[in-house]
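Trainee: predicted model and sequence below, questions to follow.
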Amino acid sequence: MKTDDLIAMLATGAGPAAPAAAGRAFAPVLLAGLAASIAVSLAVRGLVPAQMWGGAALWTKLVYAAALAFACAWLTAKLGRPAARRGRPLLAVGLVVATMVLAGLVATAGIDPSQRLRFVMGSTALVCPWAIPVLALPTLAGLLWRLREAAPTQPARAGFAAGLLAGAVGAAGYALSCAEVSTAFIAVWYSVGIVLTGGLGALLGSRFLRW
């Protein structure tokens, strides 16, 4: 067989894996990672007070984490496939974060200026940004392992996306133990924790996702 014929045969039907297939590959990792983050969070910090289940703060945290996880899962799946377009998932991630930030700004604007710093900082600003990456570690490890089986052509970016996804999962677990009720606190410190996890993912991805 001529070389050109062999190349043409191998290339027949070639292309990136279906997004649904990539997404399904992440599902077991995300479920296991979420379970681990919840278990550790509850074991260390306990469950939020019962009255928080009837308020907006806990659900704001969970909805933010879930929406960001869906958007970041889409982005991670795209970055795990060669030549995949990532414009729309990037936009989705940006819209989720921008919506949360806007909600935080609106809430802060309605607070007395003398109380705004406390509104933003809460009482656990030094805990939240570090707790989220720690809780996200099992998910991040699983996602990087899955991505090694894919074909990311931009390892650092794929790792960053996986880190954001893992951070969102860690944030969901942490939310069940976090008694903070400020929308601004969520917008700032949850986002910082998620971005820190993204940075860790980029660092690890640049090393472990190279072909």
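Mentor: Ah, there it is.

Trainee: where are the low-confidence patches of this protein?
Mentor: Along the chain, segments meeting pLDDT under 70 span 1-24, 82-84.

Trainee: again, only using 90
Mentor: 1-26, 78-87, 148-154, 208-211 (pLDDT under 90).

Trainee: where do the helices sit along it?
Mentor: All helices of the chain, identified by DSSP state H, fall at 3-11, 19-45, 56-79, 87-109, 116-121, 128-148, 155-175, 183-185, 191-208.

Trainee: show the contacting residues for the residue sitting nearest the centre point of the chain.
Mentor: In the chain, the C-alpha nearest the mean C-alpha coordinate belongs to residue 165, at 2.4 Å (C-alpha atoms, centre = their mean). By C-beta atoms under 8 Å, 6 or more residues apart in numbering, residue 165 lies in contact with 26, 30, 69, 72-73, 75-76, 139, 143. The way it works is simple: take the backbone N, C-alpha and C, and place the C-beta from them, glycine included.

Trainee: now do 7 Å
Mentor: Neighbouring residues of residue 165 by C-beta atoms under 7 Å, 6 or more residues apart in numbering: 69, 72-73, 76, 143.

Trainee: now the closest residue to it other than its chain neighbours: how far from residue 191?
Mentor: Closest residue in space to residue 165, ignoring its immediate chain neighbours: residue 72 at 3.8 Å, by C-beta to C-beta, 6 or more residues apart in numbering. Distance of residue 72 to residue 191, computed by C-beta to C-beta, to the nearest Å: 12 Å.
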